[in-house]
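**Q** Coordinates only, no sequence provided:
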């Protein structure tokens, strides 16, 4: 009797293990480390939501080869050390298939050595929310696939357009880290082509809040006689800089890059403007790396708006701030949506057994892939960036509109 009981227990344990293994194989685990809390928390939250709006539809339709896509996400607060720890957790313990949707230059730059160290595991980072150069250059570019254009392309385009309308006295406001320096370098090298230099520079510390004063930085740049500012920072600090500039009577055009999260920045300025009875949203320019989510002539935009309208979920409760209010639409969530669309194409090509060693050659073979926007996506063994186009917007009558004519800023 004892022997029969022992055999029965062993069989139960065996079948239980088989069920657990089968359950685990029913998901494709994707790893994400991003800022979900703190002064840049909205970026990670909306990037996640945009991606999940698309992934949810794919999962409801049966997933990929019968397996559901699952994002395992951790908050790093836009700080390098937590990002490193999260990445180790995702690779070593969670055994994710790939890494996806990381947010920020200071965080991504610090996890790049981990990708190189784990090259034998065929771990790649897909579509990080950063336009910095370190993961676009040796020795790390082979481990990262980017969808978006670079900060160099964004800042170079902003400078070129300012110069065309006679604004040659350009100042730079930037975050004092790898992210800020990446954008600053784009401004510097573009000006150098015309034998020009930035007339002034001012920095701020990463983690600066909207409630902090940036009047000192404003005074430094204003006193230089600058007639335009290129700003490379996070939304709380950039909004504070704009507020303090306008309060100081300085109304030059201020241009921000895509990482700023345009809607988050504007919402802070609108709230401050209502409290003070003034408008802080004029004379602002934003470079973007995806088309406008208002352009419903694009298939991906129509799909994005439909999916977001039916997707009301927040990221897991332990990740987000308790009072976080999601945005209906945003450039950030639209980028996350496009990232997920391209991710699904990668997974479809990875084979029925989802072999990691297939990932790199598969993605490098993509040519002129249509993801529903106004330009095609291509990769190659020597090119791990899918898009180059930069878009320019300004805020007018309660929404972001494309800039079709820069002459309004003619100097």
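**A** Done, it's in. Quick caveat: nothing in here was measured; it's all calculated off a predicted structure.
**Q** Quick check: the gap between residue 266 and residue 273.
**A** Applying Cβ to Cβ, to the nearest Å, the value for residue 266 to residue 273 is 10 Å. In short, each C-beta sits where N, CA and C put it, glycine included.
**Q** Between these two, which contacts overlap?
**A** The contact sets of residue 266 and residue 273 overlap at residue 281 (Cβ atoms under 8 Å, 6 or more residues apart in numbering).
**Q** More neighbours: which of the two?
**A** Neighbours were counted for residue 266 and for residue 273 using other Cβ atoms under 10 Å; residue 266 has more, 23 against 16.
**Q** What helices and strands are in contact with the helix or strand where the more buried one lies?
**A** Using DSSP states H and E, residue 266 sits in helix 262-276. Other elements packing on helix 262-276 under the criterion 3 or more Cβ pairs under 8 Å, 6 or more residues apart in numbering; DSSP states H and E are helix 235-247, helix 331-349, strand 391-396, strand 399-402.
**Q** Which of those sits closest to residue 160?
**A** strand 391-396 (10.8 Å; Cβ to Cβ).
**Q** Counting neighbours, which bits of the closest one end up buried?
**A** By neighbour count with 16 or more other Cβ atoms under 10 Å, strand 391-396 contains the buried residues 391-395.
**Q** which one among those gets closest to residue 323?
**A** Nearest to residue 323 among the buried residues of strand 391-396, with distances taken as Cβ to Cβ, is residue 395, at 24.7 Å.
**Q** quick one: contacts for the spatially closest residue to residue 367 that is not a sequence neighbour?
**A** Once flanking residues are discounted, residue 367 sits nearest to residue 378: 5.1 Å by Cβ to Cβ, 6 or more residues apart in numbering. Going by Cβ under 8 Å, 6+ apart, residue 378 touches 366-369, 386.
**Q** Of those residues, just the buried ones, ChimeraX syntax please.
**A** In ChimeraX, this line selects whichever of these come out buried by 16+ other Cβ under 10 Å:
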select :366,386
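**Q** tell me the phi and psi of residue 32?
**A** The phi/psi pair for residue 32 (degrees, to the nearest 10) reads phi -140, psi 130.
**Q** Check what pLDDT it gets.
**A** With respect to pLDDT, residue 32 scores 99.
**Q** How about residue 26?
**A** Note on residue 26: pLDDT of 88.
**Q** on that earlier part again, list just the nearest of the contacts of residue 378 to residue 253.
**A** Nearest to residue 253, judged by Cβ to Cβ, of the contacts of residue 378 is residue 386 at 30.0 Å.
**Q** Does the closest one touch residue 146 like I think?
**A** Yes - under the criterion of Cβ atoms under 8 Å, residue 386 makes contact with residue 146 at 6.7 Å.
**Q** For residue 259, see how far away residue 305 is.
**A** Per Cβ to Cβ, residue 305 is found 23 Å from residue 259.
**Q** which of these two has more neighbours?
**A** For residue 305 versus residue 259, neighbours defined as other Cβ under 10 Å are more numerous around residue 259 (29 against 18).
**Q** Please list all residues in contact with that one.
**A** 43, 104, 129-131, 151, 179, 232-234.
**Q** Please report how far it lies from residue 371.
**A** From residue 259 across to residue 371, the span is 21 Å (Cβ to Cβ).
**Q** can you check residue 161 too?
**A** Distance, residue 161 to residue 371, using Cβ to Cβ: 27 Å.
**Q** Between those two, tell me which one has more neighbours.
**A** Between residue 161 and residue 371, counted using other Cβ under 10 Å, the more crowded position is residue 371 (21 against 18).
**Q** Look up how far residue 131 lies from that one.
**A** 18 Å.
**Q** Please apply the same query to residue 324.
**A** Residue 324 is 25 Å from residue 131, where distance means Cβ to Cβ.
**Q** Which one's more surrounded, the two?
**A** residue 131 (29 against 16).
**Q** quick one, what contacts that one?
**A** Residue 131 touches 146, 148-154, 182, 257-259, 289, counting by Cβ under 8 Å, 6+ apart.
**Q** Pull the most distant pair out of those residues.
**A** With Cβ to Cβ as the measure, no two of the contacts of residue 131 lie farther apart than 146 and 257, at 14.9 Å.
**Q** These two: which is more packed in?
**A** residue 257 (28 against 24).
**Q** which element is the nearest residue to the more buried one once chain neighbours are set aside on?
**A** The shortest distance from residue 257 to any non-neighbouring residue, by Cβ to Cβ, 6+ apart, is to residue 154 (4.6 Å). Here residue 154 sits within helix 151-164, counting by DSSP H and E.
**Q** Run the chain-centre distance for that helix.
**A** Mean-position distance between helix 151-164 and its chain equals 20 Å (Cα atoms, centre = their mean, to the nearest Å).
**Q** what's it in contact with?
**A** 130-133, 168, 170, 179, 182-187, 189-191, 194, 196, 228, 230, 232, 253, 255, 257-259, 285, 287, 289, 388, 390, 392, 406, 409.
**Q** Please flag which of the residues you listed sit within strands.
**A** Residues from these lying in strands, with DSSP state E as the criterion: 170, 228, 230, 232, 255, 285, 287, 392.
**Q** Quick check: the first one touching residue 226?
**A** Yes - between residue 170 and residue 226 a contact is recorded at 6.5 Å, counting by Cβ under 8 Å.
**Q** more crowded one of those two?
**A** Neighbours per residue (other Cβ under 10 Å) separate residue 170 from residue 226, with residue 170 holding more: 25 against 22.
**Q** For the closest residue in space to that one that isn't next to it in sequence, which residues are in contact?
**A** Nearest non-adjacent residue to residue 170, counting by Cβ to Cβ, 6+ apart: residue 228, 5.1 Å away. Counting by Cβ under 8 Å, 6+ apart, residue 228 touches 162, 167, 169-171, 252-255, 409.
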